[in-house]
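**Q** Generate a structure from the sequence data that follows.
(2 chains)
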Amino acid sequence: MTVIHASRYAVTRVIGSLMALALVAGCATPPPADDKEAVAEWEQINDPLEPFNRGVFDFNLAADKYAFKPAAQAYRYVMPKFGRDRVHNVLTNLNSPLIFANDLLQGEADRAVQTLFRAMINTSFGLLGYADVAAEAGIPPHEEDFGQTLAVWGVGEGPFLMLPVFGPSNPRDGIGLVAEFFADPFDIAMANAGKEWISYTRFGFTGLDKREGLLDTLDEIERTSLDFYASLRSLYRQHRASEIKNGRGGPAKVPSPGMTGSASPSRNAELSQKAQ
Amino acid sequence: MMLRRTFLAALTGLMLCLGHSPSSASAAEQDPKVFVTDLAAKAMETMTAKGLSDHDRAMRFRSLFTTEVDVHEIAKFVLGRYWRAASPEQQQEFLKRFEDIVVLTWSTRFKDYGGDLRHTVGAVAQEGERDIVVASKVERQNQPPIALQWRLRQGETGLRVVDLFVEGSSMSITYRSEYASVIQSNGGKVDGLLAAMRTKIAQLKAEPANKGN
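**A** The predicted model follows:
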């Protein structure tokens, strides 16, 4: 009990002081206000803390190179695909309470029902999530998190933020991360039962599962990009925007090739209305 | 044995290309769904065909890419405000380097999937006055499907791709944002970007993707 509380306390301390540090650490210099195109680009990239973020990114790359990536590679090496898929299913099932809560908080009744049914089917017939019976029965999994819920409620993303270990984020999604860390019903139940080791094991496997799933993708992006950091920043922000809309509306809100500069706001508003 | 197979594959590829080009030019009103289905099938065939050297793969991918994709339009968008600042020579070089990078990046990306990929086309939507967006997905065994969106535009010779969205992320916007960042870190100079692109191309050619799946 105390252990997990202490660690949670430490996490908030660390994240809190990082945010404070980010505020005082080097900020990128905004372009002069009379250069309209440069200002538009600055706003679109949305990364005023870039020097700080790149510093954190370098730290992450080093930590990844010597710890996370080798661990994920070892996991892939020792555990056959079949086993990794079962672990993934169990972890997904353990996330159901949080996903269900976020579905509800976003007013997505259909998706909440899907999550509930999936959890019921997979926990029982799927042996605590071991097999994803629900997906085979035609209820595919989906993800939700508190950062997305905040976005649905109208909270803006804020400036881009590179978190240590957790990677690309922003203040809104960072707060979502911390909130979920404290609110996870499964972890709370384990803490109350004095079985924190289960939560730690889950946390470790979640990390392995995530990093293993990204091994090829991240290698490819790093291999082919001129600026790994800038690529990830753009991919993360676009992917989040699409996740928040649950894949609906698609590319409506982004400028298309041929329209030089950024899209006009009126056109954006019109398109996104049409999309809904 | 190996050589014969490679030769056969190259020959089939050549015949496919020859057989294809007149039809795409003659069709004035193409069905966007059919266009995307055909294009994805050909791209996937190129990317996953076995017994093909990376060099041949890149060549076949390049011919597909330059006929079905509006590289010029995309390159202009990707360079954004720096396109107009660039000299005609810089623009020409950028077009060439950009094509190289895209071909080298994408021609080997799905090599290891073999025949496990299944591509299905979904909804078609009009976007603005000129563009059509076709949604599709790629299904892989035991893995969540990848959602794609193809942005197409009617040109003089028929439909052409002007952007591809992978899981909601536009490839043009990603390139644009990345290249702007490279130009910024080179003091706002397009030449800095071109130099970085040359280095990257040499690197990509020297050490092709080696994925241990």
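
**Q** Give me the residue ranges of chain B where confidence is low.
**A** B:1-29, B:110-115, B:142, B:208-213 (pLDDT under 70).

**Q** mind checking the longest strand of it?
**A** Looking across chain B with DSSP state E, the single longest strand is strand B:143-155.

**Q** Extract the C-alpha trace of the helix or strand just after that one and format it as CSV.
**A** Going down the chain from strand B:143-155, the next helix or strand is strand B:158-166, by DSSP states H and E. Provided in CSV are the C-alpha atoms of strand B:158-166 (Å, rounded to 0.1, in the frame of the first residue of the first chain):
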residue,chain,number,x,y,z
GLY,B,158,-7.0,10.7,-65.0
LEU,B,159,-7.0,10.3,-61.2
ARG,B,160,-3.8,10.8,-59.3
VAL,B,161,-2.9,10.5,-55.7
VAL,B,162,-2.1,13.7,-53.9
ASP,B,163,-1.9,12.4,-50.3
LEU,B,164,-2.0,9.3,-48.2
PHE,B,165,-3.2,9.1,-44.7
VAL,B,166,-2.0,6.3,-42.5
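
**Q** which ones are touching residue A:151?
**A** Contacts for residue A:151 (CB atoms under 8 Å, 6 or more residues apart in numbering or on different chains) come out as A:157, A:172, A:240, A:244. The C-beta positions use only the backbone N, C-alpha and C, and glycine is treated the same way.

**Q** wait, which of those is closest to chain B?
**A** Using CB to the nearest CB, residue A:240 is the member of the contacts of residue A:151 that sits closest to chain B, with 8.5 Å.

**Q** Most proximal residue of chain A with respect to chain B?
**A** For chain A, CB to the nearest CB, closest residue to chain B: residue A:242, 2.3 Å.

**Q** so how many other residues sit close to that residue?
**A** By the criterion of other CB atoms under 10 Å in any protein chain shown, residue A:242 has 23 neighbours.

**Q** in which helix or strand would I find it?
**A** Secondary structure from DSSP H and E places residue A:242 in helix A:228-244.

**Q** Residue B:176 now?
**A** helix B:171-185.

**Q** send the alpha carbons of that helix over as PDB?
**A** Backbone C-alpha positions of helix B:171-185 (Å, rounded to 0.1, in the frame of the first residue of the first chain) are rendered in PDB as follows:
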ATOM      1  CA  MET B 171       2.200  11.600 -45.200                       C
ATOM      2  CA  SER B 172       2.500  15.000 -46.900                       C
ATOM      3  CA  ILE B 173       2.000  16.900 -43.700                       C
ATOM      4  CA  THR B 174       4.500  14.700 -41.900                       C
ATOM      5  CA  TYR B 175       7.200  15.300 -44.600                       C
ATOM      6  CA  ARG B 176       6.300  19.000 -44.700                       C
ATOM      7  CA  SER B 177       6.700  19.400 -41.000                       C
ATOM      8  CA  GLU B 178       9.900  17.400 -40.900                       C
ATOM      9  CA  TYR B 179      11.600  19.200 -43.800                       C
ATOM     10  CA  ALA B 180      10.600  22.600 -42.400                       C
ATOM     11  CA  SER B 181      12.400  21.600 -39.200                       C
ATOM     12  CA  VAL B 182      15.500  20.600 -41.200                       C
ATOM     13  CA  ILE B 183      15.500  23.900 -43.000                       C
ATOM     14  CA  GLN B 184      15.100  25.800 -39.800                       C
ATOM     15  CA  SER B 185      18.100  24.100 -38.200                       C
END
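
**Q** now the angle from it to strand B:143-155?
**A** Put simply, helix B:171-185 runs at 90 degrees to strand B:143-155, going by axes from the mean of the first three to the mean of the last three CA atoms, to 10 degrees.

**Q** Spit out the contact partners of residue 71.
**A** In the absence of a named chain, chain A is used. The contact partners of residue A:71, taken as CB under 8 Å, 6+ apart, are A:207, A:208, A:211.

**Q** Oops, wrong one, chain B.
**A** B:65, B:95, B:98, B:99, B:102.

**Q** Could you pick out the buried ones from those residues?
**A** Taking 16 or more other CB atoms under 10 Å in any protein chain shown as the criterion, what is buried in the contacts of residue B:71 is B:65, B:95, B:98, B:99, B:102.

**Q** Could you verify that the fourth one is part of a helix?
**A** Yes. Secondary structure of residue B:99 (DSSP: H, G, I helix; E, B strand; the rest coil): part of a helix.

**Q** Next to chain B in this structure, residues from the stretch 51-200 of chain A, please.
**A** By CB under 8 Å from any CB of the partner chain, the residues of the stretch 51-200 of chain A that approach chain B are A:81, A:85, A:140, A:141.

**Q** Quick one, which of the residues you listed are buried?
**A** Buried subset of those (neighbour count, 16+ other CB under 10 Å): A:85, A:141.

**Q** on that earlier part again, just want the angle from the longest strand of chain B to strand B:158-166.
**A** Interaxial angle of strand B:143-155 relative to strand B:158-166 (the same axes, to 10 degrees): 150 degrees.

**Q** Just the buried positions in strand B:143-155, please.
**A** B:147, B:148, B:149, B:150, B:151, B:152, B:153.

**Q** tell me what it is packed against?
**A** Applying 3 or more CB pairs under 8 Å, 6 or more residues apart in numbering or on different chains; DSSP states H and E, one finds that strand B:143-155 contacts helix B:32-48, strand B:131-140, strand B:158-166.

**Q** if we go to 10 Å?
**A** Contact here means 3 or more CB pairs under 10 Å, 6 or more residues apart in numbering or on different chains; DSSP states H and E; on that basis strand B:143-155 packs against helix B:32-48, strand B:118-127, strand B:131-140, strand B:158-166, strand B:169-170.

**Q** in stretch A:148-160, what counts as buried?
**A** Going by neighbour count (16+ other CB under 10 Å), the buried part of stretch A:148-160 is A:148, A:149, A:150, A:151, A:152, A:157, A:159, A:160.
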